[in-house]
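Chemist: below are the sequence and a predicted model for it; my questions follow.
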Amino acid sequence: MTTYKLALIPGDGIGVDVTDATMKVIAAAASRFGFALETETFPWSCEYYLETGAMMPADGIETLRRFDAIYLGAVGWPATVPDAVSLHGLLLPIRKAFNQYANIRPHRLLPGVEGPLKSDAFDILCIRENTEGEYSGAGGRVHQGTANEVAVETSVFTRAGVERILRFGFEQAQARRKHLTSVTKSNAQKYSMVFWDEVTRELAAEYPDVTVSHMHIDAMAAKMVMAPQDLDVIVASNLFGDILTDLGAAIQGGLGFAASANISPDRVNPSMFEPVHGSAPDIAGKNIANPIAAIWSGAMMLDHLGQAEAGAAILAAIEAATAKGIGIRPGLNTTDEVTAAVLAALEA
Ligand code: NAD
């Protein structure tokens, strides 16, 4: 029997609840589809930071390297640890160390879920560059606390980095409705974004079956609201993709439905799967977090690991639950009720 080694990082707040919910569903899928799981849970979180002074141990990356995949709930507890510390201490180093350069996020309305838009017929796959760009961490501050203070944060776009994310986007488009929209701001950012557009045009010649549109980030924000049904695959830089996928989450009914995968396409290193949402301190410990985004991310993990049938069955079970009205609005059901409904549909 195939066994997958999974590293679990539940993290903070509702990250813990939704990881528990996801693992119940993943375990049920494993027994139904005949594969096994070996899981190890790591306590790396803001609490861990307060105890140890680091978000993960110095050998954390080496520890994770021996797993087939990483599943992360959510990390962040701004009341005690600044968000820049928690993000740069755990999530970003994992994404960068393992070359998880493709952050993919599906945006569509699940059955029964009412989105805020008139259109409910959209099905978008947003691909965000995940290792460089605006979040490269290059920069510094001088003259801190004085009137002459200066902060510089440099975006870094490499040919290798831009080319590989665009290729990933073209390949995803080939497997879907064959339309790729590349999002930049090349009217205002005349070096990095013009470069990105050039690479897109060069590569387009290699994917003649994919039609390509170029849009500026501001126009794309409007299009996702006004005509999301016209979009198929979107590819964007780290910052632009980050923002657009929160918009994507909003049009699909909220963060409780927004799943994501940090993919390391060459498969040398583990990929990481996590819901888009954060630790939601406002609802932590109340058993009301919607686990659907997290469970959907777990389905993406199984798909990536080669258990496509199990991944599809989990997604179908989520859809069966929402079609019955379970988990379709915040506060409607408890985390446990939504999890139970998905499990029941999976086992039916
Ligand atoms: P958040 O996503 O945690 O919460 C935003 C709002 O959405 C809150 O009102 C919350 O209650 C609601 N919400 C989020 N997920 C929900 C769910 N599954 N079910 C029901 N309601 C849900 O974003 P935030 O409040 O800006 O950030 C809180 C903390 O999480 C911060 O420390 C932030 O840095 C961190 N964060 C972490 C990640 C991550 O780990 N990938 C992502 C985003 C934010």
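Modeler: That came through fine.

Chemist: neighbours around Glu149, how many?
Modeler: Here the number of neighbours of Glu149 (other C-beta atoms under 10 Å) works out to 10. For every residue, glycine as well, the C-beta is placed using N, CA and C.

Chemist: how about it: what's its closest non-neighbour residue?
Modeler: In this structure, Glu149 finds its nearest non-sequential neighbour in His143, 4.8 Å apart by C-beta to C-beta, 6 or more residues apart in numbering.

Chemist: state the number of residues packed around that neighbour.
Modeler: 10.

Chemist: repeat for the one 4 residues further on
Modeler: Ala147 has 5 neighbouring residues, counting by other C-beta under 10 Å.

Chemist: and if you look at Asn269?
Modeler: 17.

Chemist: how about it: what's its closest non-neighbour residue?
Modeler: Nearest residue to Asn269, sequence neighbours excluded (C-beta to C-beta, 6+ apart): Phe98, at 3.7 Å.

Chemist: and that neighbour, backbone torsions?
Modeler: phi -100, psi 10 (degrees, to the nearest 10).

Chemist: was I right to think it contacts Pro265?
Modeler: No. With contact defined as C-beta atoms under 8 Å, Phe98 does not reach Pro265; the gap is 11.1 Å.

Chemist: and these two? which has more neighbours close in?
Modeler: Per other C-beta under 10 Å, whichever of Phe98 and Pro265 has more neighbours is Phe98, with 21 against 16.

Chemist: how about that one, what does it touch?
Modeler: Residues counted as contacts of Phe98 (C-beta atoms under 8 Å, 6 or more residues apart in numbering) are Ile61, Leu64, Arg65, Ser264, Asn269, Pro270, Ser271, Met272.

Chemist: hang on, the fifth one in a strand?
Modeler: No. Using DSSP: H, G, I helix; E, B strand; the rest coil, the assignment for Asn269 is coil, not a strand.

Chemist: mind listing the helices for the stretch 101-250 of the chain?
Modeler: With DSSP state H, counting those that start in this stretch, the ranges of helices along the stretch 101-250 of the chain come out as 159-174, 192-204, 217-226, 238-251.

Chemist: hmm, who's touching the longest one?
Modeler: The set of residues external to helix 159-174 that reach it, using C-beta under 8 Å, 6+ apart, is 101-102, 104, 125, 127, 129-133, 179-180, 182, 195-196, 199-200, 203-204, 206-207, 209-210, 232-233, 235, 263, 265.

Chemist: that one to helix 192-204, inter-axis angle?
Modeler: 50 degrees (axes from the mean of the first three to the mean of the last three C-alpha atoms, to 10 degrees).

Chemist: okay, now the domains of the protein?
Modeler: Taking automatic domain parsing as the domain assignment, the ranges for the chain are 1-102+254-348, 116-251.

Chemist: can I get the helices of the stretch 101-250 of the chain in JSON lines with mean pLDDT and mean neighbour count?
Modeler: Listed next are the helices of the stretch 101-250 of the chain as JSON lines, based on pLDDT from 0 to 100; neighbours: other C-beta atoms under 10 Å:
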{"stretch": "helix 159-174", "mean pLDDT": "98", "mean neighbour count": "19"}
{"stretch": "helix 192-204", "mean pLDDT": "97", "mean neighbour count": "17"}
{"stretch": "helix 217-226", "mean pLDDT": "97", "mean neighbour count": "16"}
{"stretch": "helix 238-251", "mean pLDDT": "96", "mean neighbour count": "20"}
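
Chemist: who wins for proximity to Ile9 among the ones you listed?
Modeler: Closest of the helices of the stretch 101-250 of the chain to Ile9 is helix 238-251, at 19.9 Å (criterion: C-beta to C-beta).

Chemist: the ligand contacts on the chain?
Modeler: Residues of the chain lying close to the ligand (C-beta under 6 Å from any ligand atom) are 14, 74-78, 83, 91, 255-256, 274, 277-283, 289-290, 293, 330.

Chemist: what's the first helix or strand after the helix ranked longest in the chain?
Modeler: As assigned by DSSP state H, the longest helix anywhere in the chain is helix 14-33. Next in sequence after helix 14-33, counting helices and strands by DSSP states H and E, comes strand 36-41.

Chemist: now that following strand: average pLDDT?
Modeler: Averaging pLDDT along strand 36-41 gives 97.

Chemist: what's downstream of that strand, the next helix or strand?
Modeler: Counting by DSSP H and E, what follows strand 36-41 is helix 46-52.

Chemist: the closest residue to the ligand within the stretch 1-150 of the chain: neighbouring residues, count only.
Modeler: Closest residue of the stretch 1-150 of the chain to the ligand, C-beta to the nearest ligand atom: Gly76 (2.1 Å). The number of residues packed near Gly76 is 23, by other C-beta under 10 Å.

Chemist: does it touch Val85 like I think?
Modeler: No. Using C-beta under 8 Å, Gly76 makes no contact with Val85, being 9.5 Å away.

Chemist: check which helix or strand covers the residue of the stretch 151-300 of the chain found nearest the ligand.
Modeler: Residue nearest to the ligand within the stretch 151-300 of the chain (C-beta to the nearest ligand atom): Gly278, separated by 2.3 Å. Of the helices and strands defined by DSSP H and E, none includes Gly278.

Chemist: touching, it and Ala74? I think so.
Modeler: Yes. Contact criterion C-beta under 8 Å: Gly278 and Ala74 qualify, at 4.9 Å.

Chemist: neighbour count for those two, which is higher?
Modeler: Neighbours per residue (other C-beta under 10 Å) separate Gly278 from Ala74, with Ala74 holding more: 29 against 21.
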